[in-house]
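I need the structure of the sequence given here:
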Amino acid sequence: MPDFTKLELAALHSIFIETPQYEEGLAAQLAGASVAERENTGGGFFTRISVATASQPLSCPRTFGPAIYADVEGLAYGLGFVLFMKDGYLDLLEGYAVGYETTALLDLSAVKFTISRFSNDSD
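Numbers count the residues shown, from 1 in each chain. From the prediction side, this is the model:
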């Protein structure tokens, strides 16, 4: 299977940093992980993650990352991200178009981007 793209890795590491109590465990799982499947849906992407069976499961939330965002060349409103866990393991990274626009023509493995964090006044 293909390697993780720079965009996927940047999103994952940003999500990990946002959750310091889980950062080490998530990073350890990612170190032994690979891409099982990837799909550009036109409204974003799904990357299915396969984690090495030797990794330790985490007692953690089922989702991470709704505060992580990327300005992406070719998208006016960028991408948001959600990381889904299954049974304590990395399972699926979703990147979704924040505005009503398509990702279908973007090469997500080579696109230029900047990762940032959604913020609001209560942060």
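
where exactly do the strands run in this structure?
33-40, 44-51, 63-64, 68-72, 79-86, 89-97, 113-117 (DSSP state E).

and those strands: which comes nearest H13?
strand 113-117 (8.5 Å; Cβ to Cβ). Bear in mind the C-beta positions are built from the backbone N, C-alpha and C, glycine included.

just send the strands of the chain back as CSV, with mean neighbour count and mean pLDDT too.
Shown next, in CSV, are these (neighbours: other Cβ atoms under 10 Å; pLDDT from 0 to 100):
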stretch, mean neighbour count, mean pLDDT
strand 33-40, 15, 96
strand 44-51, 20, 97
strand 63-64, 18, 94
strand 68-72, 21, 95
strand 79-86, 20, 97
strand 89-97, 20, 97
strand 113-117, 15, 92
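
how about a markdown table for the ones you listed, with distance to E8 added?
Listed next are these as a markdown table, based on distance: least, Cβ to Cβ, whole Å:
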| stretch | distance to E8 |
| --- | --- |
| strand 33-40 | 8 |
| strand 44-51 | 6 |
| strand 63-64 | 14 |
| strand 68-72 | 11 |
| strand 79-86 | 9 |
| strand 89-97 | 6 |
| strand 113-117 | 11 |
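
so which of these gets nearest L105?
Among those, the nearest to L105 by Cβ to Cβ is strand 33-40 (9.3 Å).

sheet partners, orientation included, of the closest one?
Using DSSP bridges, the strands paired with strand 33-40 are strand 44-51 (antiparallel).

quick one: the strand it pairs with to strand 89-97, angle?
Going by axes from the mean of the first three to the mean of the last three Cα atoms, to 10 degrees, strand 44-51 is angled at 170 degrees with respect to strand 89-97.

begin at 33, not 1, for the rest of this chat.
Sure, I'll start counting at 33 from here, so that last one is strand 76-83.

just how off-centre is strand 76-83 within its chain?
Distance of strand 76-83 from its chain centroid, counting by Cα atoms, centre = their mean, to the nearest Å, is 8 Å.
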